[in-house]
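Enquirer: Predicted model and sequence below, questions to follow.
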Amino acid sequence: MLDPLNTLNTLEHACQLTLELATAQGAEAFVSVSHGIQSKIAFEKNDYNLATHHDGINISMSLHKDQKSGSVTINTFDHRSIEAAVSRCLELSKFSIPDPYLGLAPKADYIDLPMFFDQSIVNKSMKELKDLTTLLIDLSTQDSRVLLDAAHVEKSISFRVIGNTRGMFARDYNASLNWFLMGMAKTKDDLTSIEYHGDFAHNTLSLERDIAHTCEQFKHKVLAYLNAKTGESYHGLVLLPPCLTEEFILDPVIFHLKGGNIMDGKSRWEHKLNQPITHVNLNIEDHPHDTELRGCTAFSGEGIATKTMSIVTHGVAKAEFDSVYTANRRKTQPSGNGSGPHSAVIAAGKQSWKKMIDLDQPIIIPARFSGNLDPLSGDFSGIAKGAQLYKNGVHHGCLKETMIAGNVFDMLTNCPTFSSERESDFGYHRLPYALVDNVAITSS
Amino acid sequence: MLEHLKHIINRQQGYVELRFHEHQSNAITSQKGRIDQASSNLQQGVGVRVLENGAWGFSSTSQLETQHIQKAIDIAREAAIELSKSRKHKSLGLQNVKLSQQHYIDASYRELLDLPFEEKINQVIRSEHELQSRSKKIHTAKVQYSEIFEHKIIVTSDGAACSRKLVRPEFKATAFAGQGENQLVAGKGVGVTGGWRCLFDHQSCIHLIEKTAKEAIDLLKAKHVEGGRKTVILSPSLVGLLCHEAIGHTVEADFVQAGSIANGKLGQDIASPLITLCDSGIPPYSGGPGGYLPFDDEGVDCQTTTIIDKGKLNAYLHDRESAKVFGVAPKGNARAWHYSDEPLIRMTNTYLLPGDQNLEDMIASTPNGLFITGAGNGQADATGEFMFGASSAYEIIDGKIGKMFKEVTLAGIAFDVLKTVDAVSKDFEWDLGAGYCGKGQPAKVDAGGPYLRCQLNVGGR
């Protein structure tokens, strides 16, 4: 039986050794040591294709000396390798430009969160993983029109220890089962685009039901692509499903509220804290302690304690994302989510998405977006994959070869409306559908 | 290490493949007068693949002693045995082929390893200053240099015993420019297999910086293009992206077996007769393409695959297993990113053969269209529907180049688009070496070709 405490102690030893070697060289240091074990059954080329097992360790270190920084990652942790890595790190830093804003997270107390380490997942054998893969394949291909390109079930176990020369120290561990489907629909006359879906579980309490749910959603997604027709070109409304709410609403907001982008002049919202940045309908929070979401963590990658926080409230910017470094430069405090929210939640609206689209004009709902979105300007252009056409709330089938173009900041200021339903795509973030306007829809 | 792996392999039953891989990647990023990154990542270990009872097992270890590699073999074998109980059909095994005995060391490997880090970081810092100073409208300049040193040794139980040392450097310049609310980003990059001098063989570093700055400033004044179906002339970087995204992925044999659009179309006319499209680890065109490979990660010596021959679909890309299924010879397309990744069918350097036309004549004979340059990201689908972004386009009116447009998106169905090609220039350029292909794991690739004229859907406002 895998004992997390034994494993963490081994990682902690490697972390301490690295910190001591760095200190002996007159450097400050941040060290992250991780141990990952993955076992996977992969279904490809229409058969059980490969069973894999990987067990590996990584040590990442970032050293500061004379206001200069270097970083090194290695995957062996004997004394000699760590010593060589510390020397290499200092060598890399020597020729850098001095930066007085380099810093490390202080020692901190962290909220006590449950560790997801269900032994019924940890002990899953290859045979059991294979049986789950069989379930995944059987349920997703019950309809003979569904063709699987790839599917897998993976057991993933991870351990992490981080520490620095300021006395910060934190550790966590996690075991999960992840499953994934990728495929298309095919009939005698029709071959559709690829779609994919997946999810994860931290325990086995409702595993088979969760897998069945994924398969149902996947089948529905894929079959919705069939019998696609060419549509019309116009300007108008698009209903973004949650995965595209992330791409078109959440991600641009994150980009422009990142401290690094603000300090580099790339953000359009410099000096906009506590001022309106989007329409009042938008409310975003970070919930890093929500145990239902994958981003659940007590500490950031640098060791800053995480906290639930408002990011945008009724369209007003309430927080910016700052690491230790950007906080030092901008003379503010590190936010505990310097790279962006761990588990973003956008507030739900009042109406279901079906009621929202019951309008006397065409509305398309893309399943995916294959295109480019410039985070600076907000301009986007690309293919709306699997776009479903609705008029007066009635479904008129799938559209093919349909491109959409527009600007996300237009969308954010022109009354986006959010659904009462919310979903979390692959277990990250919890987001609603978003009805947005002023999108150019071009059909070939 | 080679003898060590051979010694272990000689004690095994059945098909066993051992792949030692030392992957060292170093990176330097300078932005706004800072060094944002000076890093080194060393991943080394042995990847083990076993074929047992007609099923595959894979495991890996970062510990190179015999007992650890043997343990990885045992784990892979047990996994394969378990999997074999559920396989619908046993694997037919691997295509017989003369396996590689090459011991290849790129001349630049040592040169770049020994080049002082100080010189590399100073070049990055100088280049960033240079880019920032080009215009007041460039508020942030970013320059990145990275290099991947790859040392692989592959030993298989059926006779491969080969080793290679390659290095792949990349250099990228990005300019963030803006006037008020009008903000954009422009970037240029180069990536090769080779050394410091190879990196700037085709264009000097300062030329790359100048082009990046000019594009950023010019794009600030550019408008968006109007969407619709248009006649376009694509530059080599976009031709490369078309080859890679729109065609290359659909002809990877694992995707074909899953039902891609290329399935069942061998021998059919799928493109204009002006189109001959190839993939090769050792292409005939010089310039140290970014996906150069003497042999693949199954120990198969690389050769050229002519995927489309004068418009006819001629071949798929294979690993040894799919080659056996299709009854053809594998040509070295099985690749793995790290020691802990299993080999997958991947492209190497994908390109169109040049034609016989002059670019100037092609432009002059286009009454109404777009001249499109600067490849961005691209994606493709099982149906052959592709999308890629281009940083800029110029209108062509009555055979003359006119105003510039920004943020152009191109889309179409690959085989339909290739049928509309009516002109191919005599030029050739590799232009996608500073990029990665993603398929569950990254791969360094390159792509390129001549200029070509075709019909495409252009996304616009």
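Expert: The structure has been received and is ready for your questions.
Enquirer: what does the domain assignment say about chain B?
Expert: B:2-221, B:224-459 (automatic domain parsing).
Enquirer: what's the most buried one of those?
Expert: domain B:224-459 (a mean of 22; mean count of other CB atoms under 10 Å in any protein chain shown). Bear in mind the C-beta positions are built from the backbone N, C-alpha and C, glycine included.
Enquirer: ok, now which ones touch residue A:421?
Expert: Residues in contact with residue A:421, defined by CB atoms under 8 Å, 6 or more residues apart in numbering or on different chains, are A:348, A:352, A:353, A:432, A:433.
Enquirer: so how far is whichever strand or helix holds it off the chain centroid?
Expert: Here residue A:421 sits within strand A:417-425, counting by DSSP states H and E. Distance of strand A:417-425 from the chain centroid (CA atoms, centre = their mean, to the nearest Å) equals 17 Å.
Enquirer: mean confidence for it?
Expert: Averaging pLDDT along strand A:417-425 gives 94.
Enquirer: Show the subsequent helix or strand relative to it.
Expert: The helix or strand immediately downstream of strand A:417-425 is strand A:428-443, counting by DSSP H and E.
Enquirer: how about the helices in chain A?
Expert: All helices of chain A, identified by DSSP state H, fall at A:4-24, A:79-94, A:119-122, A:126-140, A:207-223, A:242-245, A:251-257, A:259-263, A:324-330, A:353-356, A:408-413.
Enquirer: what residues are up against residue 301?
Expert: This is for chain A. A:32, A:162, A:338, A:339.
Enquirer: that's the other chain; I wanted chain B
Expert: Residue B:301 sits next to B:98, B:99, B:100, B:102, B:294, B:295, B:332 when contact means CB under 8 Å, 6+ apart.
Enquirer: okay, those in JSON lines with pLDDT next?
Expert: Rendered in JSON lines, the data for these read as follows (pLDDT from 0 to 100):
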{"residue": "B:98", "pLDDT": "95"}
{"residue": "B:99", "pLDDT": "97"}
{"residue": "B:100", "pLDDT": "97"}
{"residue": "B:102", "pLDDT": "96"}
{"residue": "B:294", "pLDDT": "97"}
{"residue": "B:295", "pLDDT": "98"}
{"residue": "B:332", "pLDDT": "97"}
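Enquirer: Check the gap between residue B:228 and chain A for me.
Expert: Distance, residue B:228 to chain A, using CB to the nearest CB, to the nearest Å: 7 Å.
Enquirer: Touching stretch A:341-351 from outside, list them.
Expert: Outside stretch A:341-351, the residues that touch it by CB under 8 Å, 6+ apart are A:245-246, A:249-250, A:254, A:281-288, A:290, A:293-297, A:300, A:306, A:311, A:321, A:356, A:417-422, A:428-432.
Enquirer: where exactly do the helices run in the stretch 151-300 of chain B?
Expert: B:196-199, B:205-221, B:236-241, B:253-258 (DSSP state H, counting those that start in this stretch).
Enquirer: Show me which parts of stretch A:344-364 are buried, residue by residue.
Expert: A:344-349, A:351, A:353, A:356-357, A:362-364 (16 or more other CB atoms under 10 Å in any protein chain shown).
Enquirer: Dump the helices of the stretch 151-300 of chain B into a markdown table; add distance to residue B:313 and mean pLDDT as well.
Expert: Output for the helices of the stretch 151-300 of chain B, formatted as a markdown table (distance: least, CB to CB, whole Å; pLDDT from 0 to 100):
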| stretch | distance to residue B:313 | mean pLDDT |
| --- | --- | --- |
| helix B:196-199 | 34 | 86 |
| helix B:205-221 | 36 | 94 |
| helix B:236-241 | 18 | 93 |
| helix B:253-258 | 11 | 90 |
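Enquirer: Buried ones among the contacts of stretch A:341-351?
Expert: Neighbour counting by 16+ other CB under 10 Å classes A:245-246, A:249-250, A:254, A:281-288, A:290, A:293-297, A:300, A:306, A:311, A:321, A:356, A:417-419, A:422, A:428-432 among the contacts of stretch A:341-351 as buried.
Enquirer: Which residue, other than its chain neighbours, is closest to residue B:434?
Expert: Nearest residue to residue B:434, sequence neighbours excluded (CB to CB, 6 or more residues apart in numbering or on different chains): residue B:189, at 3.2 Å.
Enquirer: Strands of the stretch 51-200 of chain B, residue ranges please.
Expert: Remark: strands assigned in the stretch 51-200 of chain B by DSSP state E, counting those that start in this stretch are B:55-61, B:103-105, B:138-156, B:161-179, B:182-191.
Enquirer: I'd like those strands as a markdown table, with mean pLDDT appended.
Expert: Shown next, in a markdown table, are those (pLDDT from 0 to 100):
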| stretch | mean pLDDT |
| --- | --- |
| strand B:55-61 | 96 |
| strand B:103-105 | 97 |
| strand B:138-156 | 97 |
| strand B:161-179 | 95 |
| strand B:182-191 | 90 |
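Enquirer: Which residues are in contact with residue A:365?
Expert: For residue A:365, counting by CB under 8 Å, 6+ apart, the contacting residues are A:238, A:239, A:240, A:241, A:357, A:387, A:388, A:390.
Enquirer: Let me have those in a markdown table, adding pLDDT and distance to residue A:39 as columns.
Expert: Compiled in a markdown table, the contacts of residue A:365 are given as follows (pLDDT from 0 to 100; distance: CB to CB, whole Å):
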| residue | pLDDT | distance to residue A:39 |
| --- | --- | --- |
| A:238 | 97 | 41 |
| A:239 | 97 | 39 |
| A:240 | 97 | 36 |
| A:241 | 97 | 32 |
| A:357 | 94 | 43 |
| A:387 | 96 | 38 |
| A:388 | 96 | 38 |
| A:390 | 95 | 43 |
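Enquirer: By neighbour count, which of those wins?
Expert: residue A:387 (28 neighbours; other CB atoms under 10 Å in any protein chain shown).
Enquirer: and the angle from the longest helix along chain B to helix A:126-140?
Expert: In chain B, assigned by DSSP H, the helix with the most residues is helix B:66-84. For helix B:66-84 against helix A:126-140, the angle by axes from the mean of the first three to the mean of the last three CA atoms, to 10 degrees is 40 degrees.
Enquirer: and the direction of helix B:66-84 versus that of strand B:55-61, what angle?
Expert: In terms of direction (the same axes, to 10 degrees), helix B:66-84 departs from strand B:55-61 by 150 degrees.
Enquirer: one step back: could you export the contacts of residue A:301 as TSV, including distance to chain B and pLDDT?
Expert: Listed next are the contacts of residue A:301 as TSV, based on distance: CB to the nearest CB, whole Å; pLDDT from 0 to 100:
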residue	distance to chain B	pLDDT
A:32	13	98
A:162	17	98
A:338	14	96
A:339	14	95
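Enquirer: So how do I select the buried members of those in PyMOL?
Expert: Selection of buried members from the contacts of residue A:301 for PyMOL, criterion 16+ other CB under 10 Å:
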select buried, chain A and resi 32+162+338
